[in-house]
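Colleague: take a look and give me a structure for this.
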Amino acid sequence: FTFLILRFTFVIALMLPAALLLRARWPRSLRESTHIAIAGMLLQGGYLGGVFAAIAAGMPAGIVALVVGLQPILTALAAAPLLKERTSVRQWSGLALGFGGVALVVSQKLSLDGLSIAGIAWVLLGLLSITAGTLYQKRFCPSFDLRTGTVIQFAAGTLLLLPLALLTETMHVQWTGEFVFALAWLVLVTQMDAAQLPVCLAVAKELRDAGIATEVALEGGKLGKQLKYADRAGIRFAVVAGEDELARGAVAVKDLRRGDQFEVSRAELVKSLRVELAQEKVQGA
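Modeller: Prediction:
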């Protein structure tokens, strides 16, 4: 929880000055702010807190990814009665293929070693939080300025996790270079369609397993807004997993600092990003 609180604080410290300097629109009422904050508690605090706590409790990362990969399916099932949204046969097919992709990616790493009641409870909490957060945001605050909304949502996530950190952790931090490197998100995996979320989560897991700090754009939305958020949050790379790229077994990688973009196969993604990051270290030396 301490790690997430520091990461959330880091994002707020970057986004708040940007929102103020650019005169971004803030919510016009307390009610609107409250809705955005509740969605943030669920999407940031509840989901990420549950996932991190499950892994800390010994649950294998493959099992965590598989369970969380059920989120789009649960969301689609709940959207019909709660939001009066219908899911087409094509969308159901996409959801099934997406979950199958996650299962295929993590199948070789699946292990039941380390399973515990605490780990299961935490990962289920994370799954329910991201599902509830997605539905809540669609229902009560589907549209808001991403710059100010990010500040509110990460602040709300911090308020949710802070009591848990105080109760269960010492909150003592050793500021090593490795810790600081992990603290700053280096990559944002974008999401344009909820049906692609399982694949996006699988891509993020591959990067995290390789030691590359990665965030997933859980809220989705227009690609332009996601890229602006990444740029203002100081994130170096954006991975775009669109339908066309995925059909070719590839993803697009956009370097937000240089402004260029290249396509790479899923199998070569980790290697390519490591090369880019190594070059940056050499140039900065």
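
Colleague: if I've got this straight, residue 163 is in a strand?
Modeller: No. Secondary structure of residue 163 (DSSP: H, G, I helix; E, B strand; the rest coil): helix, not part of a strand.

Colleague: which pLDDT value belongs to it?
Modeller: With respect to pLDDT, residue 163 scores 94.

Colleague: got a list of what it touches?
Modeller: The contact partners of residue 163, by C-beta atoms under 8 Å, 6 or more residues apart in numbering, come to none. To be clear about C-beta, it is placed using only N, CA and C from the backbone, and glycine gets the same treatment.

Colleague: equivalent analysis for residue 37, please.
Modeller: Residues near residue 37 by C-beta under 8 Å, 6+ apart: 152-153, 155-156.

Colleague: spit out the contact partners of the residue most central in space within the chain.
Modeller: Centroid check for the chain by C-alpha atoms, centre = their mean gives residue 216 as the closest residue, at 2.7 Å. Residue 216 makes contacts with 188-189, 191, 197, 200-201, 204, as judged by C-beta under 8 Å, 6+ apart.

Colleague: so of the contacts of residue 37, which ones are in helices?
Modeller: Applying DSSP state H to the contacts of residue 37, the entries found in helices are 152-153, 155-156.

Colleague: JSON lines for the residues you listed, including neighbour count?
Modeller: Shown next, in JSON lines, are the ones in helices among the contacts of residue 37 (neighbours: other C-beta atoms under 10 Å):
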{"residue": "152", "neighbour count": "25"}
{"residue": "153", "neighbour count": "29"}
{"residue": "155", "neighbour count": "19"}
{"residue": "156", "neighbour count": "23"}
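
Colleague: name the nearest of these relative to residue 63.
Modeller: Within these, proximity to residue 63 (C-beta to C-beta) peaks at residue 153, which comes in at 27.2 Å.

Colleague: state the pLDDT value of that closest one.
Modeller: Among the per-residue scores, residue 153 holds a pLDDT of 92.

Colleague: need the contact list for residue 152.
Modeller: Going by C-beta under 8 Å, 6+ apart, the list of residues near residue 152 reads 27, 33, 36-37, 40.

Colleague: repeat that with 10 Å
Modeller: 12, 15, 19, 26-27, 32-37, 39-40, 141, 144-145 (C-beta atoms under 10 Å, 6 or more residues apart in numbering).

Colleague: what comes up buried for stretch 134-147?
Modeller: Using 16 or more other C-beta atoms under 10 Å as the test for burial, stretch 134-147 gives 134-138, 141, 144-147.

Colleague: endpoint to endpoint, that stretch covers what distance?
Modeller: For stretch 134-147, the first-to-last residue distance is 18 Å (C-alpha to C-alpha, to the nearest Å).

Colleague: separation between the residue nearest to the centre of the chain and residue 35?
Modeller: Here the distance between residue 216 and residue 35 works out to 22 Å (C-beta to C-beta, to the nearest Å).

Colleague: and residue 205, by the same measure?
Modeller: Separation of residue 205 from residue 35 (C-beta to C-beta): 30 Å.

Colleague: quick one, which of these two is more surrounded?
Modeller: Neighbour tally, residue 205 and residue 35, criterion other C-beta atoms under 10 Å: the higher count belongs to residue 205, 24 against 20.

Colleague: what's the closest non-adjacent residue to the more buried one?
Modeller: Closest residue to residue 205 apart from its sequence neighbours, by C-beta to C-beta, 6 or more residues apart in numbering: residue 65 at 4.8 Å.

Colleague: in which helix or strand would I find the one you found?
Modeller: Secondary structure assigned from DSSP states H and E places residue 65 in helix 61-68.

Colleague: rewinding a little: can you redo the contacts of residue 216 as CSV with secondary structure?
Modeller: Below are the contacts of residue 216 laid out as CSV (three-state DSSP):
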residue, secondary structure
188, strand
189, strand
191, coil
197, helix
200, helix
201, helix
204, helix
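
Colleague: with pLDDT and distance to residue 266 as added columns, please give the buried residues of stretch 134-147 in a markdown table.
Modeller: Shown next, in a markdown table, are the buried residues of stretch 134-147 (pLDDT from 0 to 100; distance: C-beta to C-beta, whole Å):
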| residue | pLDDT | distance to residue 266 |
| --- | --- | --- |
| 134 | 87 | 25 |
| 135 | 90 | 30 |
| 136 | 93 | 32 |
| 137 | 90 | 29 |
| 138 | 87 | 29 |
| 141 | 88 | 33 |
| 144 | 85 | 33 |
| 145 | 85 | 33 |
| 146 | 80 | 27 |
| 147 | 81 | 31 |
